[in-house]
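In: Give the three-dimensional model of this entry:
(2 chains)
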2 protein chains.
Amino acid sequence: MAVRGAGINNADLAQRAGQYPAPPGWPQDIPGMDLAGEVVGVGRQVTLFAPGDRIMAVVGGGAQATLARVDESHALAVPDDLSWPEAGGFPEVFTTAYDALFTQAGLRMGERVVVSGAAGGVGTAGVQLAAAAGAIVTATVRDASRRDAVAALGASAVLEPGHEGDGGPYDVVLELVGAPSVEAVLPHLATGARVVVIGVGGGAQVDLNLFSLMGTRARIGGSTLRGRSRSEKADVAAAMAAHVVPALAAGRIRVPVCETFPLSEAQAAYDRFAEGAKLGKVVLVDASA
Amino acid sequence: MAVRGAGINNADLAQRAGQYPAPPGWPQDIPGMDLAGEVVGVGRQVTLFAPGDRIMAVVGGGAQATLARVDESHALAVPDDLSWPEAGGFPEVFTTAYDALFTQAGLRMGERVVVSGAAGGVGTAGVQLAAAAGAIVTATVRDASRRDAVAALGASAVLEPGHEGDGGPYDVVLELVGAPSVEAVLPHLATGARVVVIGVGGGAQVDLNLFSLMGTRARIGGSTLRGRSRSEKADVAAAMAAHVVPALAAGRIRVPVCETFPLSEAQAAYDRFAEGAKLGKVVLVDASA
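Out: Numbers count the residues shown, from 1 in each chain, chains lettered A, B, ... in the order given. Model (predicted):
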């Protein structure tokens, strides 16, 4: 496929720092896990897509390029009204948030969910998805200047980290910060609560009291997408096609894009991403398209 | 109902020590969560059982008595071939083990499970239930003299605590000891593993690395039965009637009874229970029956 948009994610910075290599079988020296573009050629057994189709996908690496190869079972059709930057910024964060909230944690309508670190890419996706599914969403956001924007995504309360007790008790926790945030939310879990840890940038080591889990029947788990098998990733993509792409096509969720850069200015794009204090994706685009 | 057998459980010792009061609505001064006996009278709306029926149940308290009252939705029919001591020692430990392994952890055939502290009441139940469901069972048992007996219950490996790495990787952990055992098993979890903590006699505080949970998509949870609502307990009893009582009636699982005492010698029974180094239940019986 010809890549038209490729979002930057935290994992790319970790990979650039040598901490998060691409899994075996993926380009080791071209970063990028997120892409959208046009099909320019297909293998003989491909039946789902044809040249000219607009597709998007999560890949194990190599997305920030002009050409990329994608397994058809991992590709999603891009809704007609979606721009390339939006499509290129969609797959990784929405797939991560959907898988964590619904597949791992089993979030259902009417439940209370807290998204910690909600102003980031997975956070803005998670707030929208949880609200779209009828959950009651609390968000924690460190940067006060971004709280209104997170509320506008569907959070009914946006709190300063450490004030988790002002909401809850929570049925589901989408944990994007790590240890300090987990320890702050543990006293505010509902019976049967599910905590899913997706990011530990704020620290990985927690002091956990097992007895407190027994009383609430709560559970704490973690998840990543990148290391999963090809068939597991196909299952994840099928769930996205069934449950999330229709909401995206209908405009019920949207991909906030902060800024785009041509691929040739990737360094500037990485610098912008690393600066933080943004709401929405930084996406590399094909300036020729 | 007229109580004919009432097992002693760890919770009774905790309650006697003032650490684990009966929930509201249950006798506060008569211990016992486990009973079997004959129906001697029923309320007007009771349809499932009639006087003379043999029933057994988990109750919130008051089991170690001559008479007790049980919600019909919490009662199970006692299989014909089961003795009163066996029936009186069955409900609490098998219900706890079944709920943890199957309802909380979703154990399926062919999976590898480790039962930590497998020589105790819930442990001997858990080993048998997991084996009966086609799982591959590893047990840890501190007391070397009881390892053969645990193997005879269906464990394919019986290990000294701290040697969990000789089995596994484990899909499910039934944790009956607590912190040291959890920390020993964490490096040996399979992808998607489920750890259910039911006992923390060995310590409750663990040092947990969230990042390690992310890579394996493992989760750690806890559970207790006693504090659940009446309808939740009815759901648990219905699952036991459907899935466990048939195996008990067919002789595929059995209730090991270590020793019985008449109710009048309850103190001696508690002393025997507290001694440990037993395999099987200590059950109070009605000497007049």
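
In: mind checking the SS state of residue A:260?
Out: strand (DSSP: H, G, I helix; E, B strand; the rest coil).

In: Return the per-residue confidence for the residue of the stretch 1-150 of chain A at minimum distance from chain B.
Out: The nearest approach of the stretch 1-150 of chain A to chain B comes at residue A:104, 7.3 Å away (Cβ to the nearest Cβ). The way it works is simple: take the backbone N, C-alpha and C, and place the C-beta from them, glycine included. Confidence at residue A:104, expressed as pLDDT, is 96.

In: That one: neighbouring residues, count only.
Out: Residue A:104 has 22 neighbours, counted by other Cβ atoms under 10 Å in any protein chain shown.

In: tell me which strands and helices the biggest helix by length in chain A is in contact with?
Out: In chain A, taking DSSP state H as the definition, the longest helix is helix A:230-243. Helix A:230-243 is packed against strand A:54-58, strand A:75-77, helix A:91-98, with contacts defined by 3 or more Cβ pairs under 8 Å, 6 or more residues apart in numbering or on different chains; DSSP states H and E.

In: For it, C-alpha coordinates in CSV please.
Out: The C-alpha trace of helix A:230-243 is given here as CSV (Å, rounded to 0.1, in the frame of the first residue of the first chain):
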residue,chain,number,x,y,z
ARG,A,230,-1.1,-12.8,13.6
SER,A,231,-4.4,-14.5,14.3
GLU,A,232,-5.0,-12.7,17.6
LYS,A,233,-4.4,-9.4,15.7
ALA,A,234,-6.9,-10.5,13.1
ASP,A,235,-9.5,-11.1,15.9
VAL,A,236,-8.8,-7.6,17.2
ALA,A,237,-9.2,-6.1,13.7
ALA,A,238,-12.5,-7.9,13.2
ALA,A,239,-13.8,-6.5,16.5
MET,A,240,-12.8,-3.0,15.4
ALA,A,241,-14.5,-3.5,12.0
ALA,A,242,-17.7,-4.7,13.7
HIS,A,243,-17.9,-2.3,16.7
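
In: outside of that helix, which residues touch it?
Out: Helix A:230-243 has contacts (Cβ atoms under 8 Å, 6 or more residues apart in numbering or on different chains) with A:57-58, A:71, A:73-77, A:91, A:94-95, A:98-99, A:102-103, A:225, A:228.

In: Can you say which of those are buried?
Out: A:57-58, A:74-77, A:91, A:94-95, A:98-99, A:102, A:225, A:228 (16 or more other Cβ atoms under 10 Å in any protein chain shown).

In: Now render these as TSV, adding distance to residue B:34.
Out: Listed next are the buried ones among the contacts of helix A:230-243 as TSV, based on distance: Cβ to Cβ, whole Å:
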residue	distance to residue B:34
A:57	55
A:58	51
A:74	52
A:75	56
A:76	54
A:77	58
A:91	53
A:94	49
A:95	47
A:98	44
A:99	41
A:102	39
A:225	45
A:228	44
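
In: and those, which two are the farthest apart?
Out: A:77 and A:228 (21.6 Å; Cβ to Cβ).

In: for the longest helix of chain A, what is the average pLDDT?
Out: For helix A:230-243, mean pLDDT is 96.

In: and it, how far from the chain's centre?
Out: 14 Å (Cα atoms, centre = their mean, to the nearest Å).

In: what do you get for stretch A:30-41?
Out: Per Cα atoms, centre = their mean, the displacement of stretch A:30-41 from the mean C-alpha position of its chain is 17 Å.

In: Determine whether any part of that stretch lies close to chain B.
Out: No - using Cβ under 8 Å from any Cβ of the partner chain, stretch A:30-41 stays clear of chain B, coming no nearer than 15.5 Å.
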